[in-house]
Structure formats: C-alpha cells, structure tokens
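Peer 1: Could you work out the structure for the sequence below:
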Amino acid sequence: MLNLYNNKLSDAIPASIGNLTNLQTLNLYNNDLSGAIPTEIGNLTNLQVLNLFNNDLSDAIPASIGNLANLQTLSLFDNDLSGAIPTEISNLTNLTNPKPVRQRVVG
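Peer 2: Numbers count the residues shown, from 1 in each chain. Alright, predicted model coming up:
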C-alpha cells in the first residue's frame, strides 16, 4: 500500500511507479500532480485500488490501464483528463467501485 494523499505533491507521476509491481493500493489523491498518467501504470498488475482523483492530471487515460485485471476501485475524477476513454478499460471486469472520470471526453 502506498498512501501519499493530501500532501500537496506536485509535478508528474514518475514512470518508475511501474516498478512497484507488488503494489495493491495506490492513493495519490488530493495533491497537485500534473502531466499524463504514465503508461507504466499498466505494469502494476497486482493493483486493486487506484485513486488519482483531485489532481491536475492531463492528457488521455493510457490504454495500459486495461492491464490492471485485479483492479476493484478506480477513481480518476476531478482532473483535466481529455480524449476518449480507452476501450481497454472494458478489461477491468473486477471493478466494484468505478468512479473513473468526470472530465472532457472526446471520441
């Protein structure tokens, strides 16, 4: 479990986050994170909870998010994400608490 919420963290989520392959919970919500969600997030195949809401994340949701087959909770709302929701999100069949987006969606 990695809980770094409510810390006023800024800058981008580093691509090296993808090295934490045994991680089951990632809480980075209520910060000032910006930039794109790194595609390496898809390497976290043991992840069950992903909370990135209430940041300044931008660009599209990476298609690699569809690799997170064990994901049960996904919260990406209150960011500045854009683009189409990737079709790979339909691979997340274990979602029990989806709150993926409240954003501009194109496509």
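Peer 1: So Pro86 versus Asn19, what's the distance?
Peer 2: According to CB to CB, to the nearest Å, Pro86 stands 22 Å off from Asn19. Glycine gets a C-beta too; all of them are placed from N, C-alpha and C.
Peer 1: Thr45 in helix, strand or coil?
Peer 2: On the three-state scheme (DSSP: H, G, I helix; E, B strand; the rest coil), Thr45 is labelled coil.
Peer 1: if we can go back for a sec, Pro86 and Asn19: which is more packed in?
Peer 2: Counting neighbours by other CB atoms under 10 Å for Pro86 and for Asn19 shows that Pro86 has the greater number, 16 against 12.
Peer 1: residues touching that one, list them.
Peer 2: 60-63, 65-66 (CB atoms under 8 Å, 6 or more residues apart in numbering).
Peer 1: switch the cut-off to 10 Å
Peer 2: By CB atoms under 10 Å, 6 or more residues apart in numbering, the contact list for Pro86 reads 60-66, 107.
Peer 1: In the chain, where is pLDDT below threshold?
Peer 2: 97-107 (pLDDT under 70).
Peer 1: out of the contacts of Pro86, who's nearest Ala12?
Peer 2: Pro62 (13.0 Å; CB to CB).
Peer 1: What about the nearest residue to the closest one once chain neighbours are set aside, how many residues nearby?
Peer 2: Nearest non-adjacent residue to Pro62, counting by CB to CB, 6 or more residues apart in numbering: Thr39, 4.4 Å away. By other CB under 10 Å, the residues close to Thr39 number 14.
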